[in-house]
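Engineer: This is a predicted model, with the sequence first.
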2 protein chains.
Amino acid sequence: MSSVLTSRKDDYAQWYNDIVLKGGLADYSAVRGCMVIKPHGYALWENMQHVLDKMFKDTGHQNAYFPLFIPKSFLSKEAAHVEGFAKECAVVTHYRLKNDPNGGGVIVDPEAKLEEELIVRPTSETIIWSTYKNWVQSYRDLPLLINQWANVVRWEMRTRLFLRTAEFLWQEGHTAHATREEAIEETRKMLDVYATFAEEYMAVPVIRGVKTANERFAGAEDTYCIEALMQDGKALQAGTSHFLGQNFAKAFDVQFSNKENKMDYVWATSWGVSTRLVGALVMAHSDDNGLVLPPRLAPLQVVIVPIYNKDMEARKRIDDTAATIMKELKAKGISVKYDNDDNTRPGWKFAEYELKGIPVRIAMGPRDLENGQAEVARRDTKEKASYQLEGLAASIEQLLADIQQQMFERALKFRDENITKVDSWDDFVKVLDEKAGFISAHWDGTPETEEKIKEMTKATIRCIPLNNEQEAGKCVLTGNASSQRVLFARAY
Amino acid sequence: MSSVLTSRKDDYAQWYNDIVLKGGLADYSAVRGCMVIKPHGYALWENMQHVLDKMFKDTGHQNAYFPLFIPKSFLSKEAAHVEGFAKECAVVTHYRLKNDPNGGGVIVDPEAKLEEELIVRPTSETIIWSTYKNWVQSYRDLPLLINQWANVVRWEMRTRLFLRTAEFLWQEGHTAHATREEAIEETRKMLDVYATFAEEYMAVPVIRGVKTANERFAGAEDTYCIEALMQDGKALQAGTSHFLGQNFAKAFDVQFSNKENKMDYVWATSWGVSTRLVGALVMAHSDDNGLVLPPRLAPLQVVIVPIYNKDMEARKRIDDTAATIMKELKAKGISVKYDNDDNTRPGWKFAEYELKGIPVRIAMGPRDLENGQAEVARRDTKEKASYQLEGLAASIEQLLADIQQQMFERALKFRDENITKVDSWDDFVKVLDEKAGFISAHWDGTPETEEKIKEMTKATIRCIPLNNEQEAGKCVLTGNASSQRVLFARAY
């Protein structure tokens, strides 16, 4: 199996591409920058969706759906937003094709030019706030707590499967509130939802923080984020939650009469996570043999592989035992597949399920059954052990919980070992190049210094951690006074 | 309440628009032909999705996701397909905006013209079959049983909320098979899935049939459909399942080596239903007071409204009783809301929940409790009755099942009463204008006659029912020989 994937050590970027393609998560498409999400990858995304959707609904949100297209003029209504998003985007200019009179197939009908061009949404603040204007008159209409599951398009020049694609799938929450405080509370609440999801389901520890002005969402007053660390020491922004102030309400004139019967602009938030999380999940846990998926999100949690010999009665005993185990596992809500395909050998199956990241594999041959046992292999550590058939379903349930917990602990240990305090510029550069990970360093608080560090090292300020310790120090680049350390890293 | 909606009798089309807008299902948007699906409407669609998705998975299908964009040249590869779909569609010609040097906001950057235009998918056969080419080499790779939940765009000139919009949400199944027989079996199987869903969940009876050549999907060898009847006597195509033969495999050169080790083209099907089903659901059951939703799809099944007086102890008793009932209902998997909002009166709430189509309303005042009773109103018939609190949850569970069943039976009775056998052209026109509904009439089997009837009356052949009775007769228009009756109707 070692020949199937490039090893992480040899070429981390190539390893990632190999695992996404060969692990059946995604494929390239005929359209530049757009990928095909294959069934195994989509099933992972669906599991993420189900958990997140429930968390959103449990916190009072409802789903809705807004148009794919945004009139070009809408983007211009919020000054910062247009700078951030009206650049690389897909522009619809015509609404009809026709047969080429010169016989060259179909061509764009020049008669069917739109009066105003439509942009394929890169994010939906503008189209949603143009709608909210009609939905909000009084404080009684607030809050609006709405989420949308949708595709969006940003015409990225350099793309990578899941991490950065022209089209991607995501959810975007857009809420409207009567007060500043309530909107900020919502922004923070959804950040916590994302952090809980990342840690408890993806088994990926995250740092909650706030972005600097340079890294803020175009149109936000504050952008909160969760930042994760990948195995190669690069950071990955796994989710963002924006406090938008009254910017979009002012841009689209969304006013309401408050309890004092005075008109005021509505306060806004938006927050989103995307199919990028699939890439983060792969990069955080997988190894040179393939995917390693946390049990709580794995599309398939357990596979049972029979080890047949030529004795047909022994076969039947294996099949019967497997059927019993499957029934017991399913009763516990555990997904399980019995792979008794005669056309492939057990060894091939083992490698295939390792590649696909199935958390637990049970193998059973005649000898195992005679001993009242089965061989159980866990994907994360690749440890194998003989388990008693008696009470096997309960043991597997516990094992899945252990794997989930231990995957998180390993990732947490790795992350914590890769946050390095640095107090000089020499150390900053050295740690960045030799160890990578997060660098905790003093910064003088200016966008100029941040920009300079980015130009010199490609490292950015990932975030100012929430509840950050206040500590007097000197900026690692300029030596100017600083009141706290911030986290730098090179990032995806 | 009667003043909120236009009545069906006065103006059916206006009634439909009123109910969609005021029932909270959808809203118009700033983009021509695109609608906003509001939370109540989206929750209905989500419930439909959950049921259908499970039915697809139970029949062996997996979900995946393919790009939003289709290179223009792909549409031309299948001759019939391009005629049907390369007409009214959204065309992306550029990938960047820039600031107008003359200060006119953002403009399309003429430098950023795509070499080949991209079409926003009107349906995904072409992009999917261009991908399947890489996935299929041998019969062992077949069948591919894949479904996609997605948005699609068809630049319709006349749009109606849910029924016909430029952008709509749908699922599209795309399967690949080794044999013709297997593909036809799949086509029929998915038609049955749709019919089961329509009848058992939407409570809408449907006729399963096959389309005539004129009405066939562009690129299909056969299009199967389910046809439903709306309250105004117009038909509505609620779902289609296409046997595509080897047309797309040939267009995209998708060949496989079969069991005899010979190369052959792959056989294809595609099948889809869309947010149009929400429109069908509304039109099939609702009344002049608002939505009437079948319990199995209603976003909220039961609402409890307290009838408070000024006695605070009585209030508490009502609240406590409601809490107990809610707990019991939830334990049965029934969704329930307690609306004890003090700012609105019970009468207002009753009207609101009627408008929204909540199947069952429970009202409880101090007097009811003293008698150990509650007042239960069912939305479909508007009947009210006193129910014993003892065992109320079980009674409500049964009531919901009864409502579901009786909604279907009423719709079935209406549908069957509105299939009229007609044997002369005079009767055809008369029935169409005075009674509407389905007309069962002989047709000479030619596209010309079908087209002529459509021009003269706007009625189309909705389908040739499956297992249609064979019966010699004369075409209702031409008098030419016919071997069977087909179903005509005016349609949405």
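Structural biologist: Okay, I see it.
Engineer: Tell me who's in contact with residue A:154.
Structural biologist: A:85, A:88, A:89, A:122, A:166, A:168 (C-beta atoms under 8 Å, 6 or more residues apart in numbering or on different chains). From N, CA and C alone the C-beta is placed, and that goes for glycine too.
Engineer: want to throw these into a markdown table with distance to residue B:456, neighbour count and pLDDT?
Structural biologist: Listed next are those as a markdown table, based on distance: C-beta to C-beta, whole Å; neighbours: other C-beta atoms under 10 Å in any protein chain shown; pLDDT from 0 to 100:
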| residue | distance to residue B:456 | neighbour count | pLDDT |
| --- | --- | --- | --- |
| A:85 | 52 | 24 | 79 |
| A:88 | 53 | 17 | 90 |
| A:89 | 48 | 25 | 94 |
| A:122 | 49 | 22 | 95 |
| A:166 | 49 | 25 | 96 |
| A:168 | 50 | 23 | 98 |
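Engineer: Please flag which of those residues sit within strands.
Structural biologist: Secondary structure assignment by DSSP state E places A:88, A:89, A:168 of the contacts of residue A:154 in strands.
Engineer: Out of the residues you listed, which are close to chain B?
Structural biologist: A:88, A:89 (C-beta under 8 Å from any C-beta of the partner chain).
Engineer: hmm, back to that, closest one to residue A:351 out of the contacts of residue A:154, please.
Structural biologist: residue A:168 (30.6 Å; C-beta to C-beta).
Engineer: Please verify my assumption that that closest one contacts residue A:159.
Structural biologist: No - using C-beta atoms under 8 Å as the test, residue A:168 is too far from residue A:159 to be in contact (9.8 Å).
Engineer: now residue A:410: how far from residue A:420?
Structural biologist: Noted for residue A:410: a distance of 19 Å to residue A:420, by C-beta to C-beta, to the nearest Å.
Engineer: Centre of the chain to stretch A:57-72, how far?
Structural biologist: Counting by C-alpha atoms, centre = their mean, to the nearest Å, stretch A:57-72 is centred 19 Å from the centre of its parent chain.
Engineer: Sorry, wrong one. I was asking about stretch A:177-184.
Structural biologist: So, by C-alpha atoms, centre = their mean, the centroid of stretch A:177-184 is 27 Å from its chain's centroid.
Engineer: Now stretch A:226-237: buried residues?
Structural biologist: A:226, A:227, A:228, A:229, A:230, A:231, A:233, A:234, A:235, A:236, A:237 (16 or more other C-beta atoms under 10 Å in any protein chain shown).
Engineer: Return the residues in contact with the third one.
Structural biologist: Applying C-beta under 8 Å, 6+ apart, we find residue A:228 in contact with A:198, A:204, A:205, A:206, A:207, A:235, A:236, A:238, A:280, A:284, A:415.
Engineer: Doesn't the third one lie inside a helix?
Structural biologist: No - judged by DSSP: H, G, I helix; E, B strand; the rest coil, residue A:205 forms no part of a helix; its state is coil.
Engineer: For it, which non-adjacent residue is spatially closest?
Structural biologist: residue A:412 (4.4 Å; C-beta to C-beta, 6 or more residues apart in numbering or on different chains).
Engineer: Work out for me the element the one you found sits within.
Structural biologist: Here residue A:412, judged by DSSP states H and E, is contained in helix A:392-417.
Engineer: C-terminal to that helix, what's the next element?
Structural biologist: strand A:419-421.
Engineer: just the buried residues of stretch A:226-237 now: which is nearest chain B?
Structural biologist: Nearest to chain B among the buried residues of stretch A:226-237 is residue A:236, at 21.3 Å by C-beta to the nearest C-beta.
Engineer: Verify the stated contact: that closest one with residue A:490.
Structural biologist: No - between residue A:236 and residue A:490 there is no contact under C-beta under 8 Å: 10.5 Å.
Engineer: got the contact list for residue A:43?
Structural biologist: Counting by C-beta under 8 Å, 6+ apart, residue A:43 touches A:299, B:62, B:63.
Engineer: and the regular element (helix or strand) spanning it with helix B:39-58, angle?
Structural biologist: Per DSSP H and E, residue A:43 falls inside helix A:39-58. Taking axes from the mean of the first three to the mean of the last three C-alpha atoms, to 10 degrees, one finds that helix A:39-58 is oriented at 150 degrees with respect to helix B:39-58.
Engineer: Is the helix or strand following helix A:39-58 positioned near chain B?
Structural biologist: Per DSSP H and E, the first helix or strand lying C-terminal to helix A:39-58 is strand A:62-63. Yes - counting by C-beta under 8 Å from any C-beta, chain B has neighbours in strand A:62-63: A:62, A:63.
Engineer: With stretch A:291-298 instead?
Structural biologist: No - Stretch A:291-298 stays clear of chain B (C-beta under 8 Å from any C-beta), getting no nearer than 15.0 Å.
Engineer: Done for today, thanks.
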